[in-house]
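S.K.: my questions are about this predicted structure, shown below with the sequence.
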There are 2 protein chains.
Amino acid sequence: MWMSLDGFIAGPDDDVGRGLGRGGERLHASLEDEHGEAGSHRPPGPSGEIFDEAMATGAVVVGRRTFDLAGRWNGDHHGVPIFVPTRGKPPAPASALVNYVTDGVESAMSQAKQAAGDANVLVHGADLARSCLRAGVLDELEIGLVHVLLGGGRPLFVDLARQTELELIRVVDAPGVTYLRFRVMA
Amino acid sequence: MWMSLDGFIAGPDDDVGRGLGRGGERLHASLEDEHGEAGSHRPPGPSGEIFDEAMATGAVVVGRRTFDLAGRWNGDHHGVPIFVPTRGKPPAPASALVNYVTDGVESAMSQAKQAAGDANVLVHGADLARSCLRAGVLDELEIGLVHVLLGGGRPLFVDLARQTELELIRVVDAPGVTYLRFRVMA
């Protein structure tokens, strides 16, 4: 996740068609390719390696809100199975890759890990990341710390309500962003 | 400032005699010397270099609340002039080094920079750091990003309400903490 130094992963008023909120595109500036497009193509430089790693994951778990804000990726995120923890009656899946999971975050993550095999699982969405942290099913955090104070928006870490020790296992310096990979400890 | 990955510079319920709040000592663990004491002695390793830099500053500007929580340092912080922006009638200074400044943060910082000469000015206190940011008188941020999610407490960056670009100018890796020095841009 790309997070400003003041802890935001989107600007204010994020909604359908403006998933990053007002001014939130700033957070993904390091992902822009030569055409100024972010997210769909491999960016140049060290951010490209991070992008490659995300694209090498074997499954995706995504929060329902994030999934909907992203137009459900038209049913496809780099061709791997997608697991969407959801409450209530799920909609019809947009493709055979999409699995709505109604029995909780732990179950969604367990199914995703099984589907991914030896590959990692990509977790998408701030609410989901926090739920995974609370449930103890998040193994690592990859934070792209963006060199900006955004001033407001959607925070990544709120209401965790308990202390979690982290072990820094990798630092990648890129222009405008420092990638910090942490192992989540007990 | 030492800040957890989730943005806290003290635990909950910080008060006189417990300036770091409940569980907040975790944030200064990297500052502990061989006797387990934090703050008053030079810690070992790379954190020692950061400590040395703080002790090489030529003046201190400190928020009134932080100053009081810290017992006003008995009137002395590494022997340099101390400037305390304050509202209303200031108390009697604890020593000749202490200067209460009643005409604002800009004035306090201006006096501190003059007193420091070629040396840097040390800024103490989260509220004050934010006021300095808003007033445009903060040149650099040195963040000791502590490898922990604290879960709650006193945040460093809240209600900034405007975007501020930063330039990363130095990274120092230390056990349990990554020091990130940023230049504050326009």
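M.R.: Looks like it arrived, so ask away.
S.K.: got the contact list for the residue nearest the centre of chain A?
M.R.: The centroid of chain A falls nearest to A:H124 when counting by C-alpha atoms, centre = their mean (3.0 Å). With contact set as C-beta atoms under 8 Å, 6 or more residues apart in numbering or on different chains, A:H124 has these partners: A:V60, A:V61, A:V62, A:G63, A:T66, A:F67. Placement of C-beta: from N, CA and C, glycine included.
S.K.: quick one: which of those residues has the most company?
M.R.: A:V61 (32 neighbours; other C-beta atoms under 10 Å in any protein chain shown).
S.K.: just after the lengthiest strand in chain A, pick out the following helix or strand.
M.R.: Identified as the longest strand of chain A according to DSSP state E is strand A:164-174. Note on strand A:164-174: by DSSP states H and E, the next helix or strand toward the C-terminus is strand A:177-184.
S.K.: if we can go back for a sec, quick one: which of the contacts of A:H124 is nearest to chain B?
M.R.: A:G63 (18.5 Å; C-beta to the nearest C-beta).
S.K.: residues of chain A that sit close to chain B?
M.R.: Taking C-beta under 8 Å from any C-beta of the partner chain as the criterion, chain A approaches chain B at residues A:5-7, A:23, A:26, A:133, A:141, A:143, A:145, A:147-152, A:155-168, A:171, A:173, A:178, A:180, A:182.
S.K.: may I see the ChimeraX selection of the buried members of the residues you listed?
M.R.: Only the buried members of the residues of chain A next to chain B end up in this ChimeraX selection, burial being decided by 16 or more other C-beta atoms under 10 Å in any protein chain shown:
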select /A:5,6,7,23,26,133,141,143,145,147,148,149,150,151,152,155,156,157,158,160,163,164,166,168,178,180,182
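S.K.: how about the contacts made by A:P90?
M.R.: A:P90 touches A:V84, A:Y100, A:T102, counting by C-beta under 8 Å, 6+ apart.
S.K.: need those residues in a markdown table (columns: pLDDT and secondary structure).
M.R.: Output for those, formatted as a markdown table (pLDDT from 0 to 100; DSSP: H, G, I helix; E, B strand; the rest coil):
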| residue | pLDDT | secondary structure |
| --- | --- | --- |
| A:V84 | 98 | strand |
| A:Y100 | 97 | strand |
| A:T102 | 96 | coil |
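S.K.: I'd like to know how far A:E167 sits from B:E32.
M.R.: 18 Å (C-beta to C-beta, to the nearest Å).
S.K.: try A:A115
M.R.: 44 Å.
S.K.: the more surrounded of the two?
M.R.: More crowded of A:A115 and B:E32, by other C-beta under 10 Å: A:A115, with 19 against 16.
S.K.: and the more buried one, what does it touch?
M.R.: A:G58, A:A59, A:V80, A:P81, A:F83.
S.K.: just the ones of those in strands?
M.R.: Here DSSP E is the test, and the contacts of A:A115 give A:A59, A:F83 as lying in strands.
S.K.: burial of A:N74, as a residue count?
M.R.: 9.
S.K.: give me the neighbour count for the closest residue to A:P43 other than its chain neighbours.
M.R.: In this structure, A:P43 finds its nearest non-sequential neighbour in A:L31, 4.7 Å apart by C-beta to C-beta, 6 or more residues apart in numbering or on different chains. Per other C-beta under 10 Å, the neighbour tally for A:L31 reads 22.
S.K.: could you do A:K113 as well?
M.R.: Count around A:K113 with other C-beta under 10 Å applied: 18.
S.K.: cool, and the one 10 residues further on?
M.R.: One way to gauge burial is a neighbour count; for A:V123, by other C-beta under 10 Å, it gives 28.
S.K.: any idea how far the helix or strand harbouring it is from the chain center?
M.R.: Using DSSP H and E, the element containing A:V123 is strand A:121-124. Centre-to-centre, strand A:121-124 and its host chain are 6 Å apart (C-alpha atoms, centre = their mean, to the nearest Å).
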